[in-house]
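> structure here, sequence nowhere to be found:
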């Protein structure tokens with residue numbers, strides 16, 4: 001195996017030597033080609049440099065051709081500008097000519113239409129002007145009176161409006177307070193444990209005694225303190241009828257009464273009696289309450305009650321406005337037992353408020369009626385003022401129209417002669433101006449023909465110079481393209497070396 005391996009190594013060495021010889025030969029060939037490529041690159045570089053040196057002459061030729069073309073273009077523009085100026089001048093001449101002809105036609109028509117005014121027409125206008133002046137003076141007098149009257153009525157209307165609003169607000173306040181008291185009164189009567197019992201026994205329609213009682217203002221609380229549940233007492237035909245309620249007694253305090261047939265004489269008159277403060281129209285009720293209030297006196301204040309208690313006898317009591325009770329040997333301070341307290345005071349307040357509401361309603365209605373009458377007067381005066389203002393404006397317009405027409409005719413008569421002479425002068429001046437414009441137009445037409453021929457010549461020369469510029473640019477482009485081709489070949493030859 002060693003020999004076999006040695007043989008393989010010897011064969012490999014031979015092969016490597018052969019490949020080395022071939023590589024050396026290839027290297028020698030490449031070196032020869034590189035030398036040839038260097039020579040070619042040097043030659044091409046020299047040619048490109050020579051060609052590049054020739055480009056400025058081509059560029060100079062292009063610039064020179066462009067300069068000549070631009071110069072000729074400027075000449076063309078100058079001629080065109082002169083033609084444009086001449087055309088504008090021609091249009092201006094045409095416009096002036098049309099304007100002068102229109103003015104001449106207008107002057108001629110005005111001269112032909114001149115006429116003197118009619119003398120009868122002047123007299124008629126004078127009379128109408130004087131009549132319209134008198135009518136205008138009368139209308140202005142009425143206008144001045146209404147101008148003072150309308151603001152006065154407006155001020156009065158605003159004052160009445162404020163008064164009506166105030167009375168309406170007061171009426172609304174009274175109504176709201178009355179509604180609140182009525183609602184409270186109704187709530188007190190319908191709530192509580194007694195209502196179902198009364199309904200059960202068919203007594204719910206009966207009105208309490210308090211609904212029929214009236215007392216001097218300020219003593220309602222004192223009367224409630226003395227009567228207590230009797231204030232809500234229900235009237236029956238006979239007291240014996242309530243015997244049936246013993247087995248089914250009311251769930252809360254409840255009193256029944258029957259009106260006495262005749263009055264009961266009072267045996268106690270040592271002090272002011274509370275019964276004397278009542279205002280009752282029924283003799284039976286007066287007798288009943290006289291019995292319940294027997295021995296009940298009044299005092300204006302607590303100190304007075306204490307001072308008078310020595311004059312009391314057995315069972316008598318003095319009551320203050322606040323409902324406090326003073327007897328010979330005791331003092332009882334009053335406080336409301338439940339929410340039903342104050343029924344009588346609220347009832348009397350409701351009655352007072354109802355009277356105030358009726359009175360206030362009449363006052364508010366009267367204030368509203370006064371406001372309506374004032375507004376009607378203000379509206380009528382305002383309409384009259386507007387109508388009189390229109391009449392005054394119309395009268396002024398008529399007087400002005402008559403004055404203007406009279407002045408116009410008067411001035412027309414004075415100016416007719418002077419205007420005729422002036423029109424003749426203006427017509428002659430206009431004719432002279434038209435002749436001058438016609439001469440200027442003929443001169444302009446001749447100059448236009450001359451410039452038109454000059455423009456054709458300069459444009460033809462400009463076209464020739466533009467073609468020369470194009471040819472020079474084409475030569476420059478070809479030279480640049482050849483220069484780029486030589487430079488590219490030189491680069492390729494240099495890369496190859």
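Sure thing, it's come through. What you see is a predicted model; the values in this text were computed from it and never measured.

> in which helix or strand does residue 195 reside?
helix 194-200 (DSSP states H and E).

> neighbouring contacts of the next helix or strand after that helix?
Going down the chain from helix 194-200, the next helix or strand is helix 220-227, by DSSP H and E. With contact meaning C-beta atoms under 8 Å, 6 or more residues apart in numbering, helix 220-227 is reached by 209, 213, 215, 231, 274, 277, 292-293, 296, 298, 317, 319-325, 334, 341-345, 348. Bear in mind the C-beta positions are built from the backbone N, C-alpha and C, glycine included.

> pLDDT of helix 220-227, averaged?
In this model, helix 220-227 carries a mean pLDDT of 84.

> now it, how far from the centre of its chain.
Mean-position distance between helix 220-227 and its chain equals 63 Å (C-alpha atoms, centre = their mean, to the nearest Å).

> ok, stretch 394-414 next?
Distance, centroid of stretch 394-414 to centroid of chain: 48 Å (C-alpha atoms, centre = their mean).

> contacts only, for the closest residue to residue 302 other than its chain neighbours.
Leaving aside its chain neighbours, residue 302 sits nearest to residue 320 (5.5 Å; criterion: C-beta to C-beta, 6 or more residues apart in numbering). Listed by C-beta under 8 Å, 6+ apart, the contact set of residue 320 reads 222, 298, 299, 300, 301, 302, 305, 326.

> can you report how many residues lie near residue 402?
20 (other C-beta atoms under 10 Å).

> what's the helix or strand where it lies packed up against?
Taking DSSP H and E as the definition, residue 402 sits inside helix 343-496. Under the contact criterion of 3 or more C-beta pairs under 8 Å, 6 or more residues apart in numbering; DSSP states H and E, helix 343-496 touches helix 2-113, helix 119-190, helix 220-227.

> quick one: average confidence on the first one?
Same thing as helix 2-113. 70.

> got phi/psi on residue 256?
The phi/psi pair for residue 256 (degrees, to the nearest 10) reads phi -120, psi 150.

> that one against residue 244, yeah?
No - judged on C-beta atoms under 8 Å, residue 256 makes no contact with residue 244 at a distance of 11.4 Å.

> leaving out chain neighbours, which residue sits closest to residue 333?
Leaving out its chain neighbours, residue 333 is closest to residue 324 (C-beta to C-beta, 6+ apart), at 5.2 Å.

> now for that neighbour: which residues touch it?
Residue 324 neighbours (C-beta under 8 Å, 6+ apart): 225, 302, 305, 331, 332, 333, 334.

> just checking, the fifth one touches residue 319?
No - assessed by C-beta under 8 Å, residue 332 is found out of contact with residue 319, at 9.4 Å.

> what is in contact with these two at once?
The contact lists of residue 332 and residue 319 share 325, 326, where a contact means C-beta under 8 Å, 6+ apart.

> picking up where we left off before, sort the contacts of residue 320 by pLDDT and name the bottom one.
Minimum confidence in the contacts of residue 320 sits at residue 222, scoring 87.

> got the phi/psi numbers for the residue nearest to that residue when sequence neighbours are not counted?
What sits nearest to residue 222 in space, not counting adjacent residues and going by C-beta to C-beta, 6+ apart, is residue 319, at 4.7 Å. Dihedral angles of residue 319 (phi, psi; degrees, to the nearest 10) stand at phi -120, psi 130.

> what's the answer for residue 278, then?
According to degrees, to the nearest 10, residue 278 has phi -70, psi 150.

> show me what contacts the residue lying closest to it once chain neighbours are set aside?
Ranked by C-beta to C-beta, 6+ apart and with sequence neighbours excluded, the top spatial neighbour of residue 278 is residue 215, at 5.4 Å. By C-beta under 8 Å, 6+ apart, residue 215 lies in contact with 223, 277, 278, 279, 344, 348.
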